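Asker: Could you work out the structure for the sequence below:
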Amino acid sequence: MRAHHTPDPKRTTGRISRVCALGALAVVVWACATGWGGITHGHPAYAVLLALTTLLSIGVLISAGTRDHRRGRWRMAGRIITVTLAIVGIAVVGWLRPHSATDPSLTAMTSSPDVTVTETATSITFIPADGDERVGLFFQPGALVDARAYAATLRPVAESGTTVVIAKQPLGIAFLALRAFDATRSAHPLIDEWVIGGHSLGGTVAAQLAATERTVSGLILFASYPASDISDADIVALSVFGTRDGLSTPNKIAASRPDLPDGTEFVEIHGASHAQFGDYGTQRGDGTPTIDDNDARHQISRAAVDIVNAIVTTR
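Answerer: Here you go, the predicted model:
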């Protein structure tokens, strides 16, 4: 009779560990291949995460080849927990891959005689050659969106005479960039009045800041709404939304009206989707736009320029 061999749990978990390590390396390669621009031009936190994932995966592949003679139920449980956490971690690393910017925003990142563009590891700044140097616009991108994707939409604000700063968020999450506004104010001490804006989740964080910061006089929401009631805030507010937005839907925007200050201006971009507020391609869960990207961008930019100029002229 052929002897029956009981599977060795240690070997099984070792094989699973190697598969997880190879899977993690595959996710790193995929992220770099499909989001390289957003990674290299984004906040360094995600690049560091990819590097750590690579090193840990290589370490697992090396250690998985060694035999561990130690036994014990708790050690086996630890291996199972570690593998489970590794699978979750791989999924998170993949989910955090940024949506890289596309043209015309990439072209808008070039300096000209009218606007100087400066990019650092944590922000993008548009400084006009002429204008009111005491007023600025600070902008929070949407979740997992390359900050450069808003260059074409927001550059007209700088061309009209207002300094514009776009935050680069750690891991592409606005809630991880709550201190970015403080750093921006320190970097621009001559600006004593700010308009804060944001797209999607970035707009939610912008609304939170606008309601609490005394130097903020205006709020611009792109396809976004506040997470709580800020109707008592002494600010000028603008909410721009698309009728084909599948994420910040028109119904959600309408429901946010009581949470915003009286007199908030609502600008409807007929046929615009959620992703048309920046240049980064399509987005899962979004609606299908029925308006040209350039037309939508022009209307969004015009609304932002008008409210910023209105604040400047009432100083």
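Asker: Give me the pLDDT for residue 293.
Answerer: As predicted, residue 293 sits at a pLDDT of 98.
Asker: Same check on residue 136?
Answerer: The predicted local confidence for residue 136 is 97.
Asker: Ok, residue 72 next?
Answerer: Model confidence at residue 72, given as pLDDT, is 59.
Asker: same check, this time on residue 267
Answerer: pLDDT, read off for residue 267, is 98.
Asker: Would you list the phi and psi of it?
Answerer: phi -110, psi 120 (degrees, to the nearest 10).
Asker: Please report how far it lies from residue 299.
Answerer: Taking C-beta to C-beta, to the nearest Å as the measure, residue 267 falls 8 Å from residue 299. Quick note: C-beta positions are derived from backbone N, CA and C, even for glycine.
Asker: Can you list the neighbours in contact with the lowest-mean-pLDDT helix or strand in the chain?
Answerer: In the chain, no helix or strand scores lower on mean pLDDT, DSSP states H and E than helix 73-95, which sits at a mean of 84. By C-beta atoms under 8 Å, 6 or more residues apart in numbering, the surrounding residues in contact with helix 73-95 are 9-10, 13, 16-17, 20-21, 23-24, 27-28, 30-31, 49-50, 53, 60.
Asker: neighbour-wise, which of residue 267 and residue 299 wins?
Answerer: Using other C-beta atoms under 10 Å, the more surrounded residue of residue 267 and residue 299 is residue 299, with 19 against 15.
Asker: Now the helix or strand harbouring that one: buried residues?
Answerer: Per DSSP states H and E, residue 299 falls inside helix 293-313. For helix 293-313, the neighbour count (16 or more other C-beta atoms under 10 Å) marks 293, 296-297, 299-301, 303-305, 307-309, 311-312 as buried.
Asker: what do you get for stretch 124-141?
Answerer: 124-128, 131-132, 135-141.
Asker: tell me the least confident of those residues?
Answerer: pLDDT is lowest at residue 132 among these; the value there is 77.
Asker: What helices and strands are in contact with the helix holding residue 299?
Answerer: strand 135-140, helix 151-159, strand 193-199, strand 216-222, strand 236-242, strand 265-269 (3 or more C-beta pairs under 8 Å, 6 or more residues apart in numbering; DSSP states H and E).
Asker: If we use 6 Å, what do you get?
Answerer: helix 151-159, strand 216-222, strand 236-242, strand 265-269 (3 or more C-beta pairs under 6 Å, 6 or more residues apart in numbering; DSSP states H and E).
Asker: can you list those in CSV and add distance to residue 107?
Answerer: Shown next, in CSV, are the helices and strands packed on helix 293-313 (distance: least, C-beta to C-beta, whole Å):
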stretch, distance to residue 107
helix 151-159, 7
strand 216-222, 20
strand 236-242, 23
strand 265-269, 22
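Asker: Looking at those, which is nearest to residue 39?
Answerer: With C-beta to C-beta as the criterion, residue 39 lies closest to helix 151-159 of those, at 17.4 Å.
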